[in-house]
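Asker: return a 3D structure for these sequence lines:
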Amino acid sequence: MSTQTTHGRRSVDDRRFSRYDLFLALLPLPVLFGLVGATATAAPLSAGAGLGSVPSVLLLAYGLFVDGPSAPGDD
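Answerer: Residues are numbered from 1 along each chain as shown. Sure thing, here's the model as predicted:
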């Protein structure tokens, strides 16, 4: 048995992009840059993806632990 709850309707103002949407959009970019760099040079693709993943992991860790999401009203 499942129940469905509604939490109200979103207004037009709620459709702005948040800082966390930006974090999610930026996560794959360093890996892609690493892959493109490895393709353009003689470096192996695994090295490019590995080196490109380092900034992605740092960005993810920053978004989760340093400036993590919080519920409204939490201080």
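
Asker: against F17, how distant is the nearest residue to L27 once chain neighbours are set aside?
Answerer: Sequence neighbours aside, S56 is the residue nearest to L27 in space, at 5.2 Å (criterion: CB to CB, 6 or more residues apart in numbering). All C-beta spots, glycine's among them, are computed from the backbone N, C-alpha and C. Computed as CB to CB, to the nearest Å, the S56 to F17 distance reads 19 Å.

Asker: out of those two, which sits in the more crowded spot?
Answerer: Neighbours of S56 and F17, each counted by other CB atoms under 10 Å, are more numerous for S56; the result is 17 against 9.

Asker: does the residue nearest to L27 count as helix, strand or coil?
Answerer: Put simply, S56 is helix when judged by DSSP: H, G, I helix; E, B strand; the rest coil.

Asker: tell me who's in contact with it.
Answerer: By CB atoms under 8 Å, 6 or more residues apart in numbering, S56 lies in contact with L27, P28, L29, P30, V31.

Asker: how near is L35 to L45?
Answerer: For L35, the distance to L45 - CB to CB - is 6 Å.

Asker: which one of the two has more residues nearby?
Answerer: More crowded of L35 and L45, by other CB under 10 Å: L35, with 16 against 11.

Asker: what helix or strand is the more buried one on?
Answerer: helix 29-40 (DSSP states H and E).

Asker: mean confidence score for that helix?
Answerer: Helix 29-40 shows an average pLDDT of 94 in the prediction.

Asker: list the buried residues of stretch 54-72.
Answerer: P55, S56, L59, G63 (16 or more other CB atoms under 10 Å).

Asker: lowest pLDDT pick from those?
Answerer: Among the buried residues of stretch 54-72, G63 has the weakest pLDDT, 87.

Asker: without its sequence neighbours, what residue ends up closest to that one?
Answerer: Residue nearest to G63 in three dimensions, not counting chain neighbours: F23, with 4.2 Å by CB to CB, 6+ apart.

Asker: point me to the helix or strand that includes the spatially closest residue to A38 that is not a sequence neighbour.
Answerer: Nearest non-adjacent residue to A38, counting by CB to CB, 6+ apart: G48, 2.6 Å away. Element membership for G48 (DSSP H and E) is helix 45-61.
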